[in-house]
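Colleague: Coordinates for the following, if possible.
(one chain, ligands or ions: 1)
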Amino acid sequence: MDRQREEMRRRASRERQKRYFKKRLVTTLGLLLVITGIGVTAAVLASNKKRDKDKKDGTVETIADPAVNENSQKQQESEAPKPQEPETPSWEAVLQEADLLAAGYDYDGAIEKVKGFTGYEGVSELTAAINGYETKKAECVPVNISEIPHVFYHTLVVDPSKAFADQEHNPQAVGNNQWMTTIDEFNKITQTMYEEGYVLVDLKDIAEETVDENGITHYKEGTIMLPPGKKAFVLSLDDLSYYHSYDGYGFASKMVLDENGKPKCEYIQDDGTTVVGDYDAVPLLDKFIEEHPDASYKGAKGTIALTGYNGVLGYRTDISYQTVPDDINADKKKWLEEHPDFDLETERAKAKEVADAMKADGWKFASHTWGHMKIGEASMERIQADTTKWKENVEPIVGETDVIIFAHGQDLAGWPEGYMAGNEKFEYLKSNGFNYYCNVDSAQYNIQIRDNYVRMGRRNLDGYRIYFNSIGEENTLSDLFNASDILDPQRPPVQRLH
Ligand SMILES: [Zn+2]
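Modeller: Okay, here's the model as predicted:
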């Protein structure tokens, strides 16, 4: 209020002074009419002198025409904003970033970061940091590439009481119990493996790619340098599509972005309300690595193997939702009836937004075949049709990939013979751009790096393995963790496969 009153008082004073000047001008003009040319000059000079004097007294400032002031201000505002000088980060901020890179074993990146700071030589903390990174780098030893385990999970169980209910009568609940891991189990495994010295590396870290003068890519063993005592492992996630068949079984319903643009999961609660949070492996692992940057080698995350028939990441992105062929599955039909506002392009755009954010966080995508097909048994015609569908419906969302993770654990050849010339299915997939091939063999590790492809066996860390290891009927996990410490107490006994 006081400020308003003060402003009003100032305005009134300005008005008074303006009126005084007008009065003076009239007087001067009157005089001009009566006196001669010399008189005119004299009068003008006198007037100017008076102004100058007033200026010196500091009173004219307030008389200055406010319109003139306003105009000049507007002019300044309408000028294009000056390009801001890029803010120079403080050496403390640079050191913090470099420390984070070094925590993820990227010592060269950390050193480069520090040396990018102008005048780093004069900051003892920075030169000491470089020495520290160099010492740590020198201590690192190469990982034995042929002994890297590759583990995988499916969509995690949020609510075991739903996923595993009625083991006696519901075959789907039996399947959930066999193939799915609970959030509780996943978190325990992640923490235990971290404590045991396991560091997550990218699937592609295991190979080194070189392109020859003909543009052909050749593969050989990659180099992964870790501190002594650390062990590497590769991670993949299968079927992150949130299939219609998962509805009502206590799984997340889709991946979404939170208010910070970070990938999270949507979960539909019993009362029908939706919550967003860490309801699957992607946000859980993102959080773990944020809290433990030394759990991941150079920021590696996992590779996500996607089919396309129910869409991806919980979005119904397949063309069949729009064309609605006569033989459309009953669950798709039901979903379409429940979602009359469905629009294919909107679904695809949303899915791409989520996929892009995941890629920005280090996640990679792979084909799991469009139709979750049994590659070993399928005819060439079916494989060709399936590959076309994947490239038309999934690739535009997740981007090109040269990784294929076979469904049902099937493969194109046995170990150790591998993919030989004349293997028609391999040659077809290779000609369609696939260079990395993964199956499921549950061996501790199986890696085959040949000149024209990279192949890696995988281990399922699911209910089946955890349960039978926990009761001592299997010993396939003890190099990673003690299964009886991991087993979710809410998991019922798992049925043996026959
Ligand atoms: Zn699968």
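Colleague: Quick check: residues of the stretch 301-450 of the chain near the ion?
Modeller: residue 407 (C-beta under 5 Å from the ion). The way it works is simple: take the backbone N, C-alpha and C, and place the C-beta from them, glycine included.
Colleague: Taking the stretch 301-450 of the chain, what residue is nearest to the ion?
Modeller: residue 407 (4.5 Å; C-beta to the ion).
Colleague: That residue contacts residue 369, correct?
Modeller: Yes. With contacts counted by C-beta atoms under 8 Å, residue 407 reaches residue 369, the gap being 5.4 Å.
Colleague: These two: which is more packed in?
Modeller: Set residue 407 next to residue 369 and count neighbours by other C-beta atoms under 10 Å: residue 369 wins out with 28 against 21.
Colleague: so where's the stretch 51-200 of the chain uncertain?
Modeller: Counting by pLDDT under 70, the stretch 51-200 of the chain has low-confidence residues at 51-86.
Colleague: Return every residue with contacts to both of residue 407 and residue 369.
Modeller: Shared contacts of residue 407 and residue 369 (C-beta atoms under 8 Å, 6 or more residues apart in numbering): 307, 375.
Colleague: Now the stretch 1-150 of the chain against the ion: closest residue?
Modeller: Distances between the stretch 1-150 of the chain and the ion by C-beta to the ion are smallest at residue 150, namely 14.8 Å.
Colleague: How about that residue, nearest residue that isn't a chain neighbour?
Modeller: Nearest residue to residue 150, sequence neighbours excluded (C-beta to C-beta, 6 or more residues apart in numbering): residue 234, at 4.1 Å.
Colleague: Check residue 475 too.
Modeller: Going by C-beta to C-beta, 6+ apart, residue 475 has residue 469 as its nearest residue, at 6.6 Å.
Colleague: part of a helix, is the one you found?
Modeller: Yes. Applying DSSP: H, G, I helix; E, B strand; the rest coil, one finds residue 469 inside a helix.
Colleague: so it sits right up against residue 478, yeah?
Modeller: Yes. Under the criterion of C-beta under 8 Å, residue 469 makes contact with residue 478 at 7.3 Å.
Colleague: The two - which one has more neighbours?
Modeller: Taking neighbours as other C-beta under 10 Å, residue 469 and residue 478 compare with residue 469 leading, 21 against 11.
Colleague: Let me see the contact set for the more buried one.
Modeller: Residue 469 touches 475-478, 483-484, counting by C-beta under 8 Å, 6+ apart.
Colleague: Distance from the strand or helix carrying residue 448 to the middle of the chain?
Modeller: Using DSSP states H and E, residue 448 falls within strand 447-450. Strand 447-450 sits 29 Å away from the centroid of its parent chain (C-alpha atoms, centre = their mean, to the nearest Å).
Colleague: Show me what it is packed up against.
Modeller: Judged by 3 or more C-beta pairs under 8 Å, 6 or more residues apart in numbering; DSSP states H and E, strand 447-450 is in contact with strand 217-221, strand 453-456.
Colleague: Mind checking these for the one nearest to the ion?
Modeller: Between these, strand 453-456 lies closest to the ion; by C-beta to the ion that is 16.1 Å.
Colleague: Just checking: what are the partner strands of that closest one?
Modeller: Paired with strand 453-456 in the same sheet, following DSSP bridges, are strand 436-438 (parallel), strand 447-450 (antiparallel).
Colleague: Mind putting the ones you listed into CSV with distance to residue 245 and mean pLDDT?
Modeller: Below are the strands paired with strand 453-456 laid out as CSV (distance: least, C-beta to C-beta, whole Å; pLDDT from 0 to 100):
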stretch, distance to residue 245, mean pLDDT
strand 436-438, 24, 98
strand 447-450, 33, 98
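Colleague: ranking the ones you listed by burial, who's on top?
Modeller: Neighbour counts (mean count of other C-beta atoms under 10 Å) averaged over each of the strands paired with strand 453-456 peak at strand 436-438, with a mean of 25.
Colleague: So which elements touch the strand ranked longest in the chain?
Modeller: Secondary structure of the chain per DSSP state E: the longest strand is strand 231-238. Contact partners of strand 231-238 among helices and strands, from 3+ C-beta pairs under 8 Å, 6+ apart: strand 150-153, strand 198-201, helix 281-291, strand 303-306.
Colleague: Show me what the helix or strand following the last one packs onto, helices and strands only.
Modeller: Sequence-wise, the next helix or strand beyond strand 303-306 is helix 320-323, with elements assigned using DSSP H and E. Counting contacts by 3+ C-beta pairs under 8 Å, 6+ apart, the secondary-structure elements packed against helix 320-323 are helix 330-338, helix 344-360.
Colleague: Only the buried residues of the last one, if you could.
Modeller: Residues of helix 344-360 classed as buried under the neighbour-count rule (16 or more other C-beta atoms under 10 Å) are 344, 347-348, 350-359.
Colleague: Quick one: residues contacting residue 358.
Modeller: By C-beta under 8 Å, 6+ apart, the contact list for residue 358 reads 255, 263, 282, 304.
Colleague: Out of these, who's the most crowded?
Modeller: residue 304 (30 neighbours).
Colleague: Contacts only, for the residue nearest to residue 284 when sequence neighbours are not counted.
Modeller: The shortest distance from residue 284 to any non-neighbouring residue, by C-beta to C-beta, 6+ apart, is to residue 278 (5.0 Å). By C-beta under 8 Å, 6+ apart, the contact list for residue 278 reads 264-265, 284, 287.
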